[in-house]
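Colleague: curious how this folds, go ahead:
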Amino acid sequence: MDKLAASSKAFLEKTYGCSSSGDAPDSDVEGFLKSSDITAPEIPVDLQWVNSQPLSIHGSLSGRYVLLDFFTYCCINCMHILPALHQLEQEVEEDGGGLVLVGVHSGKFSNEKTERNILDAVTRYKITHPVVNDGNYDMWNTYQIVCWPTLVLINPEGKVVLVSIGESDVGRVVRFVKDALRTCPPTARTPVPHLTPDIAADSAEQAAKKILSYPGKVHYHADTNSLFISDTANDRILQVNCLGEIVGHFPKPGLQTPGSLDPTNRVPVTSLSSPQGLAVFGDSVIVCDTANHRLVTVPLSRGVIEDGSAHVLAGTGLQGSDMEGGKSGLEQEISSPWDVQVVSLDVLSGCHGHILLVAMAGTHQIWGYALSDIAIAHRGATTVHKEGAMWRLAGNGEEANRNNSYPHKASFAQPSGLTYDGNKMVYIADSESSTIRSMELPSFAVKNVVGGGFDPTDLFSYGDQDGKGTTAKLQHPIGVECPRSSTLLIADSYNHKLKVINTKSRVVSTIPHVTGLLEPSGLSYDHSSGDVYICDTNHHSVKVYSMTGAALEEEGSS
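Modeller: Numbering: from 1, shown residues only. So this is what the prediction gives:
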């Protein structure tokens, strides 16, 4: 498959280049389709399926084009290609069919290999096509896959004709599939037989009976004594009071789309897509509008979410590949911001202003957004940024677990959670490396706190082990919170646990009283009461745990 992957990439680049539209010459498409003589390996008969009864490449799927999407649901790159694949499915169906998309879930983490968790992911991502659980890497090995995501196109005769590795060529793959359907039509276009009613849709219906659907992040705001919750799968944020009652939400049903700019030249917002991280600054809630690749600010009126008038703080609405930044927020393309943290630089010598730290999961970096004019003094030099500027702070864009005193030489792997100790230290839940990292201000130097291993390229050093430093093992942590000096709480998401870290000793231990969680992802702490709010994501609820040892209580689950 390596040779076919290389020839596929060369063909896609040569045929489609940088152009975003236009059909390729029929002769080129037909010639490439006939250039491979690799018979597609069959799908093992004993694998579990979601959204479908078992399917067969050379049986029930014969006569059609089949596009295999090898993915793992934790992976941000796999998430990035889903919108393009969904649109392809819709367009092909409208044109008469002939293509079947099959997700092959070859889970990276042990938690991702169980059918229940895959079903939750399929529901959360609104995937409706068949998905097969390749938990033991049977198909991964027979198709010689090397990374996620990988797309494999099989023609109606059952031959593998295209292999595309990574997310960068998905647009070209989509165009090639359309051209293939036009140039060499499939012999079968009827719906795939033996499809069962959509199991994921049934699960989604059950989730819809609850107020929340896969909530991702939570933020306690002391001034209003309320919680702001990212109701991620419902594409909205909620504001909940201390009694668990909803007092505000955005967007609101029936919110009309205004013109492109309001009178103050701000880009208005009427919808969100898979929102994640939240922060309050002044009289606004800042939201990671993650799947829309932007940051949105939602105003508060007398401490309550206000109707309308939300606008874009940063991002163009399109996924960006820029790893440096330097533009103003509205002009700066960004990629899947996952969490945000407001930091006042006034506590640091020679520094001033407010900066918004952004966990940029899509480019594996930490970025900054100037909430005011800011100055950062370090090693005798002062760097000034005007309000609205946005730039990279740490991370070279490589997906790795590399710590370095020079922040631009450090590497992250899908940073998904941020917290600040109020002094000089920022802590990062770096999910794909299964680590908690620190970033010191104002140098932005990056160090390990717990988890991971010594090899910066090893992103499989995970587990469930309390201990010190790298002897401790985590599994895809997504949330981190600093309730007090020298103490961190972490949502060890794929171990379904809440853990505590002593940052001085770098020792992590499991909190035994907190049980029954399912992929918890967001944390927030109420300093006045000592309560910790936990997004119990796959249970569609926010739970509260008292640091004094009280039992868990639920909010927003029904």
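
Colleague: tell me the mean pLDDT over stretch 237-247?
Modeller: In this model, stretch 237-247 carries a mean pLDDT of 93.

Colleague: pull out the buried positions in that stretch.
Modeller: Taking 16 or more other CB atoms under 10 Å as the neighbour-count basis, stretch 237-247 is seen to contain the buried residues 237-240. (Glycine included, C-beta is placed from N, CA and C.)

Colleague: how about a markdown table for those residues, with distance to residue 389 added?
Modeller: Putting these into a markdown table (distance: CB to CB, whole Å) gives the following:
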| residue | distance to residue 389 |
| --- | --- |
| 237 | 25 |
| 238 | 31 |
| 239 | 29 |
| 240 | 33 |
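
Colleague: what is the nearest of the residues you listed to residue 417?
Modeller: Taking CB to CB as the measure, residue 237 is the one of those closest to residue 417, at 17.3 Å.

Colleague: what bridges to the closest one?
Modeller: Beta bridges link residue 237 to residue 230, residue 250, judged by DSSP bridges.

Colleague: tell me who's in contact with it.
Modeller: By CB atoms under 8 Å, 6 or more residues apart in numbering, the contact list for residue 237 reads 228-231, 249-250, 272, 275, 278, 285, 287, 298, 305.

Colleague: and these, which is closest to residue 367?
Modeller: Within these, the smallest distance to residue 367 is 15.7 Å, found for residue 287 (CB to CB).

Colleague: and residue 233, that one's in a strand?
Modeller: No. Assessed by DSSP: H, G, I helix; E, B strand; the rest coil, residue 233 does not belong to a strand; its assignment is helix.

Colleague: next up, the contacts around it.
Modeller: With CB under 8 Å, 6+ apart, residue 233 has these contacts: 123-124, 126, 207, 213-214, 274.

Colleague: still on that earlier bit, columns neighbour count on top of the contacts of residue 237, output as CSV?
Modeller: Putting the contacts of residue 237 into CSV (neighbours: other CB atoms under 10 Å) gives the following:
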residue, neighbour count
228, 27
229, 29
230, 31
231, 24
249, 18
250, 25
272, 26
275, 28
278, 24
285, 24
287, 29
298, 27
305, 23
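
Colleague: just these now: which is nearest residue 71?
Modeller: Nearest member of the contacts of residue 237 to residue 71, counting by CB to CB, is residue 275, at 22.0 Å.

Colleague: residue 5 - that's part of a strand, no?
Modeller: No. According to three-state DSSP, residue 5 belongs to no strand; its state is helix.

Colleague: show the contacting residues for it.
Modeller: The neighbours of residue 5, taking CB under 8 Å, 6+ apart as the test, are 163-165.

Colleague: how about a cut-off of 7 Å?
Modeller: For residue 5, the residues meeting the contact criterion (CB atoms under 7 Å, 6 or more residues apart in numbering) are 163, 165.

Colleague: and the buried residues of stretch 237-247, which is closest to residue 335?
Modeller: Distance from residue 335 was checked for each of the buried residues of stretch 237-247 by CB to CB. The minimum falls on residue 237, at 20.7 Å.

Colleague: any idea how far the residue nearest the centre of the chain is from residue 291?
Modeller: Most central in the chain under CA atoms, centre = their mean is residue 76, positioned 4.8 Å from the mean C-alpha point. With distances defined as CB to CB, to the nearest Å, the gap from residue 76 to residue 291 amounts to 11 Å.

Colleague: so what's residue 77 up against?
Modeller: Neighbour list for residue 77: 148-149, 166-167 [criterion: CB under 7 Å, 6+ apart].

Colleague: hang on, it in a helix?
Modeller: Yes. According to three-state DSSP, the state of residue 77 is that of a helix.

Colleague: for stretch 92-111, which positions count as buried?
Modeller: Neighbour-count burial for stretch 92-111 flags 92, 97-109, 111 (criterion: 16+ other CB under 10 Å).

Colleague: flag the least confident of these.
Modeller: For the buried residues of stretch 92-111, the least confidently modelled position is residue 97, at 87, judged by pLDDT.

Colleague: pLDDT wise, what is the closest residue to that residue other than its chain neighbours at?
Modeller: Leaving out its chain neighbours, the residue that sits closest to residue 97 by CB to CB, 6 or more residues apart in numbering is residue 189, at 4.3 Å. Per-residue confidence for residue 189 comes out at a pLDDT of 78.

Colleague: just residue 553 next, same as before
Modeller: The predicted local confidence for residue 553 is 49.

Colleague: residues contacting residue 82?
Modeller: So, once contact is read as CB under 7 Å, 6+ apart, residue 82 ends up touching residue 125.

Colleague: before we move on, back to that, next step: the contacts of residue 77 restricted to strands.
Modeller: Among the contacts of residue 77, DSSP state E puts none in strands.

Colleague: and those residues, which are buried?
Modeller: Among the contacts of residue 77, those classed as buried by neighbour count (16+ other CB under 10 Å) are 148-149, 167.

Colleague: ranges for the strands of the stretch 51-200 of the chain?
Modeller: If you assign secondary structure with DSSP state E, counting those that start in this stretch, the strands in the stretch 51-200 of the chain sit at 65-71, 99-105, 131-133, 150-154, 159-165.

Colleague: can I get these in a markdown table including distance to residue 177?
Modeller: Shown next, in a markdown table, are the strands of the stretch 51-200 of the chain (distance: least, CB to CB, whole Å):
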| stretch | distance to residue 177 |
| --- | --- |
| strand 65-71 | 6 |
| strand 99-105 | 7 |
| strand 131-133 | 19 |
| strand 150-154 | 6 |
| strand 159-165 | 8 |
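
Colleague: out of the ones you listed, which gets nearest to residue 29?
Modeller: When these are compared by CB to CB, strand 159-165 sits nearest residue 29, at 10.2 Å.

Colleague: got the angle between that closest one and strand 65-71?
Modeller: Between the direction of strand 159-165 and that of strand 65-71, the angle (axes from the mean of the first three to the mean of the last three CA atoms, to 10 degrees) works out to 30 degrees.

Colleague: and the contacts of stretch 367-381?
Modeller: Counting contacts by CB under 7 Å, 6+ apart, the residues outside stretch 367-381 that touch it are 281, 295, 314, 325, 329, 342, 345, 349-358, 360, 382-393, 442-443.

Colleague: show me these that map onto strands.
Modeller: Of the positions in the contacts of stretch 367-381, 281, 295, 314, 325, 342, 354-358, 360, 382-385, 389-393 sit in strands, assigned by DSSP E.
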